[in-house]
Every structure is written in structure tokens, then in C-alpha cells.
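Chemist: below is the structure, and that's it, no one-letter string:
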């Protein structure tokens with residue numbers, strides 16, 4: 001039986017997602033953020049309440065997702081990586097489906113492939129939040145695109161609009177930065193609704209769509225209010241991010257330049273596509289509609305990236321969905337090529353081939369660099385075994401990988417389980433508590449049996465908290481293990497048997 005184009009596109013997308021990501025399966029230290037998400041998801045299953053008992057400023061949805069993944073069994077590491085691969089493959093498939101509205105099947109496949117390759121380039125080979133929330137965003141984009149087509153009925157338009165806004169609400173509960181794309185989708189729907197129904201009915205529907213998009217967040221807030229944790233929810237979700245310190249201008253400029261360098265192949269394709277916008281009047285109305293939609297979506301994602309301000313490498317991941325989509329037509333055109341000439345030679349090479357080869361080279365180069373810096377599975381697993389053999393109480397990862405809590409099953413003496421919240425100077429004013437006082441409290445009131453730190457801190461470390469930790473470790477602890485993990489040596493200290501005799505207030 002002949003396979004349909006959509007079935008082939010689906011199978012290719014899922015296969016390519018597996019091929020581009022399987023090499024990281026089982027690695028606990030792909031990226032530090034997702035180590036924390038897995039830890040929080042695990043501790044939720046043991047009764048911990050995010051924002052109250054264990055702290056991070058991401059929305060509840062990402063932790064619920066990881067908690068669900070933990071129910072699949074095992075330690076959770078390879079499980080979350082497999083689930084992330086499924087999300088990546090489905091997102092690539094939806095990009096391809098949307099691309100079919102404006103490009104050939106070849107262009108749709110290449111756009112889906114480009115998304116998967118550049119996920120690796122921009123540090124999305126594991127379970128970063130955009131790897132997950134790009135799927136509901138892409139689903140919302142497809143619903144908006146289909147619902148606003150010229151031939152769509154009134155019922156289809158309204159149903160697809162509501163579903164799209166709900167999908168964006170789900171995305172918001174994975175990370176709030178999806179709000180920028182949600183605003184674009186809402187404005188686009190309003191514009192098309194005004195054309196179909198008139199201004200005032202469109203505005204009325206706009207209110208409904210906003211309410212639908214806010215439902216997941218409102219439901220989460222209602223639960224925290226009922227549990228008596230409203231203040232913790234509001235501070236963590238909507239205030240703390242604005243109290244975080246600022247990075248030096250030079251650092252931010254360097255991060256933006258990294259965006260430009262790594263995204264330039266796809267960005268050049270997007271510029272070529274944008275320069276061909278004069279063709280819109282002469283092409284099929286549905287294709288023109290899809291191309292305008294993709295361009296607006298791309299601009300909203302770029303604007304959201306720029307306004308967010310901190311420019312970590314993985315913050316570019318949401319841009320990849322509309323960027324890959326917008327490039328689909330150019331990448332799928334057989335006449336899109338680059339001419340390589342010399343005095344005795346001329347060769348025309350497909351732009352798509354060049355782009356994909358450059359993308360593969362970038363993915364390989366950035367991945368090798370990250371593996372060298374962050375490490376692989378074996379060293380962190382060996383270090384966790386050393387800790388487990390010596391551990392008789394709680395563990396404090398003051399400077400190291402938070403996945404150690406998960407690998408050892410240790411209790412945590414603070415709600416600040418993410419080491420940077422204690423040891424990074426930029427975070428000190430945005431936690432809802434003083435990290436210096438919290439560090440004193442930990443060593444004074446609930447001294448951990450073991451402490452993990454590092455041979456050298458990152459630039460911008462919190463001088464006060466590190467001084468406290470170093471003083472107490474020198475006085476009350478002894479070194480029981482060290483392990484090179486990536487580019488750093490992690491040190492494991494165990495509390496001396498006589499440390500309890502020290503006065504409780506002496507940690508300073």
C-alpha cells in the first residue's frame with residue numbers, strides 16, 4: 001500500500017530525531033537546567049511542593065512534565081531524554097506539515113531536518129524547556145494557520161482559534177517566554193476575525209481567547225492559593241526574575257554574537273526568502289497567507305528573544321520553529337543553489353545541501369566542546385558512587401551538578417537545590433531569601449553529612465557564600481573523593497565525627 005506524504009514525513013521526522021539525539025542517551029550532565037527539572041519532578045512524587053519546598057523560577061508545568069516522566073521508572077535520565085526526543089520529532093513533523101502550505105515536500109522535509117540539527121547546535125540535545133514547549137507552540141501555529149485559511153468555516157475558525165490559545169496556555173506553563181509568540185498568534189487571529197466578523201465581534205472573541213490562554217496558569221495559581229502558598233507562587237513566577245542581577249555588557253554582546261554566528265546559515269536563507277516577498281502578489285493566495293504568517297511568527301520569536309535580555313545559548317531554541325518553517329520554500333526549491341567557480345571549474349551546489357552540511361558541522365563542533373566542558377556519564381556516575389558509599393545523612397551540592405541529588409537519592413538541606421542559587425552573585429537578590437544567611441543556616445542548623453564543591457568557581461561567584469563554605473569545610477569536613485567531570489574537578493567532603501562539638505553559631 002502506498003504511503004501518504006504525511007505518514008512519510010512523520011516517520012522521517014521521528015527517525016531523524018532519534019538519529020540526531022540518541023548519542024546523548026544516558027548522559028546525566030547534558031545541561032545543568034534539566035538536571036534540576038528532573039530532580040524537582042522526582043521530589044514532587046515524594047511530596048515536595050515547587051516554589052515552597054524546592055525552588056526554581058520556572059512555571060509548574062515543566063516540573064509536572066518531569067514528574068510524569070519519573071513515573072516511567074528507572075532513575076529518570078534516559079527516560080526524559082527519550083520523551084524529549086519524541087517531542088522534538090513531533091515538533092519537526094508539525095513544522096513540515098506547515099511547510100507544505102508554502103513549499104514542496106522536499107522543502108518540508110529539509111525544514112524539519114534543519115530544526116532537528118539546529119536543536120543540537122543551540123544546546124537542545126536533552127530536555128531543555130523549549131524542546132518541550134516548542135511542540136504546543138508549533139501545534140498552536142498549525143491550528144492558527146489552518147483555521148485562518150480562506151476556505152475555513154466559521155466553526156472551524158473559532159474552534160481552531162480556541163484550541164491554539166489553549167495550546168499556548170500549556171506552553172506558558174512550561175516557560176513564560178512563549179508569551180511573545182502567543183501574542184502574535186492572538187493578534188493574527190484578531191486581524192482575521194475582524195475581516196470575517198467585524199471589529200466588535202472580533203474583540204469579544206479576543207477576550208475569550210485570552211481567557212482560554214490563561215486557563216492553565218489560572219488553575220495553577222488557584223491551587224497554590226487554596227494550599228496557602230499564593231505569595232510563594234507570585235514571587236517565584238512573576239517577581240524574582242526582575243530582581244536578578246545584570247550580566248556585564250561584554251558578556252551579553254558575546255552571547256548575541258554567538259547567536260548570529262550559529263544561526264547565520266538559516267538566517268541567510270530567511271533573508272533570501274524575505275527578499276522574494278514581491279512574488280507574493282503573483283502566487284497562490286494560500287501560499288502567500290502561509291508565508292506572511294511564518295514571517296510574522298519569526299519576527300515575534302526574535303523580538304521575544306531580544307526582549308528577554310540574558311541571551312543564554314538555549315534561549316534561541318524557540319526561534320528555530322518559525323525560522324526553519326520560513327526557510328522551507330527556499331530550501332525546497334531545486335533551482336536554489338550556490339555557484340562555485342574557478343578559472344577552470346564551475347560547480348553548482350544546492351543551497352539545501354550546503355545548509356545541512358554546515359549545520360551538521362556546527363552540531364558536531366558545539367557538541368564536542370560541550371562534552372569536553374560538561375562531561376559524560378561515566379565520571380559523574382563514579383562520583384555518585386563515591387558519595388553514596390560515604391553518605392550517612394543529607395548532601396549539599398554547593399558547587400557542582402544537581403543531578404548528584406538524583407543519582408544518590410540524598411536528602412537536601414535547603415530548598416535551593418540548584419547550586420547557582422547559592423553560589424552565583426547574580427542570583428543573590430532574586431531568591432526571596434538571603435543566600436548568605438541561608439548558607440549559614442544550612443551549616444549551623446542542618447549540617448549536611450557530605451558537601452560537593454569544585455576546584456575553581458565560575459566567574460561571578462558569590463564571594464560571601466563561598467567564604468562561609470570554605471571555612472566550614474576546612475574546619476569540620478575532610479576530603480573523601482574527587483573526580484574530574486568535564487573541565488572541572490569536583491570535590492566530595494564528609495563531615496568529621498567530632499564536628500558536632502563545634503558551637504552552633506560559629507558558621508560565619
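Modeler: Yep, it's here. On a predicted model such as this, the values are computed, not experimentally measured, just so you know.
Chemist: lowest-pLDDT helix or strand in this protein?
Modeler: strand 337-342 (a mean of 66; mean pLDDT, DSSP states H and E).
Chemist: just give the number of residues close to the closest residue to residue 400 other than its chain neighbours.
Modeler: Among residues not flanking residue 400 along the chain, residue 452 sits closest, at 4.2 Å (C-beta to C-beta, 6 or more residues apart in numbering). To be clear about C-beta, it is placed using only N, CA and C from the backbone, and glycine gets the same treatment. Look at residue 452: counted by other C-beta atoms under 10 Å, it has 25 neighbours.
Chemist: looking at this, residue 452 is in a helix?
Modeler: No - under the criterion used here (DSSP: H, G, I helix; E, B strand; the rest coil), residue 452 is strand, not part of a helix.
Chemist: ok, it touching residue 490?
Modeler: Yes - contact criterion C-beta atoms under 8 Å: residue 452 and residue 490 qualify, at 5.9 Å.
Chemist: mutual contacts of the two, please.
Modeler: residue 400 (C-beta atoms under 8 Å, 6 or more residues apart in numbering).
Chemist: before we move on, back to that, distance check, the residue nearest to residue 400 against residue 209.
Modeler: 48 Å (C-beta to C-beta, to the nearest Å).
Chemist: same check on residue 368?
Modeler: 45 Å.
Chemist: and these two? which has more neighbours close in?
Modeler: residue 209 (23 against 10).
Chemist: element containing that one?
Modeler: Using DSSP states H and E, residue 209 sits within helix 199-227.
Chemist: for that helix, packing partners?
Modeler: helix 60-70, helix 154-172, helix 179-197, helix 230-234 (3 or more C-beta pairs under 8 Å, 6 or more residues apart in numbering; DSSP states H and E).
Chemist: now do the buried residues in the second one.
Modeler: Meaning helix 154-172. Neighbour-count burial for helix 154-172 flags 157-158, 160-172 (criterion: 16 or more other C-beta atoms under 10 Å).
Chemist: wait, what's in contact with the closest residue to residue 296 other than its chain neighbours?
Modeler: In space, and not counting its chain neighbours, residue 296 is closest to residue 184: 5.9 Å by C-beta to C-beta, 6+ apart. If you count contacts by C-beta under 8 Å, 6+ apart, residue 184 has them with 296, 297, 299, 300.
Chemist: mind redoing it with 10 Å?
Modeler: Contacts of residue 184 were listed using C-beta atoms under 10 Å, 6 or more residues apart in numbering, and they are 141, 144, 168, 293, 296-301, 303-304, 322.
Chemist: repeat for residue 464
Modeler: So residue 464 contacts 425, 428, 434, 435, 436, 437, 439, 440 (C-beta under 10 Å, 6+ apart).
Chemist: quick one: the helix or strand containing it to strand 450-454, angle?
Modeler: If you go by DSSP H and E, residue 464 is part of helix 463-476. Helix 463-476 runs at 130 degrees relative to strand 450-454, counting by axes from the mean of the first three to the mean of the last three C-alpha atoms, to 10 degrees.
Chemist: give me the mean pLDDT for helix 463-476.
Modeler: Average pLDDT, helix 463-476: 97.
Chemist: where does pLDDT dip in the stretch 401-508 of the chain?
Modeler: 500-508 (pLDDT under 70).
Chemist: ok so, going back, let's have the contacts of residue 464 in JSON lines, adding secondary structure and distance to residue 376.
Modeler: Shown next, in JSON lines, are these (DSSP: H, G, I helix; E, B strand; the rest coil; distance: C-beta to C-beta, whole Å):
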{"residue": "425", "secondary structure": "helix", "distance to residue 376": "29"}
{"residue": "428", "secondary structure": "coil", "distance to residue 376": "32"}
{"residue": "434", "secondary structure": "coil", "distance to residue 376": "36"}
{"residue": "435", "secondary structure": "helix", "distance to residue 376": "30"}
{"residue": "436", "secondary structure": "helix", "distance to residue 376": "34"}
{"residue": "437", "secondary structure": "helix", "distance to residue 376": "37"}
{"residue": "439", "secondary structure": "helix", "distance to residue 376": "30"}
{"residue": "440", "secondary structure": "helix", "distance to residue 376": "36"}
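Chemist: pull out the buried members of those.
Modeler: 425, 428, 435, 436, 439, 440.
Chemist: gap between stretch 361-381 and the chain center?
Modeler: Its chain's average C-alpha position is 18 Å from that of stretch 361-381, according to C-alpha atoms, centre = their mean, to the nearest Å.
Chemist: I should have written stretch 423-438 there, sorry.
Modeler: Centre to centre, stretch against its chain (C-alpha atoms, centre = their mean), the figure for stretch 423-438 is 23 Å.
Chemist: ends of it, what's the gap?
Modeler: 11 Å (C-alpha to C-alpha, to the nearest Å).
Chemist: ok, now stretch 63-82?
Modeler: 17 Å.
Chemist: same question for that stretch, mean pLDDT?
Modeler: 97.
Chemist: buried set for that stretch?
Modeler: For stretch 63-82, by 16+ other C-beta under 10 Å, it's 63-67, 69-70, 75-82.
Chemist: close enough to count as contact, residue 291 and residue 278?
Modeler: No - counting by C-beta atoms under 10 Å, residue 291 stays clear of residue 278, with 11.8 Å between them.
Chemist: these two: which has the busier surroundings?
Modeler: Set residue 291 next to residue 278 and count neighbours by other C-beta under 10 Å: residue 291 wins out with 24 against 7.
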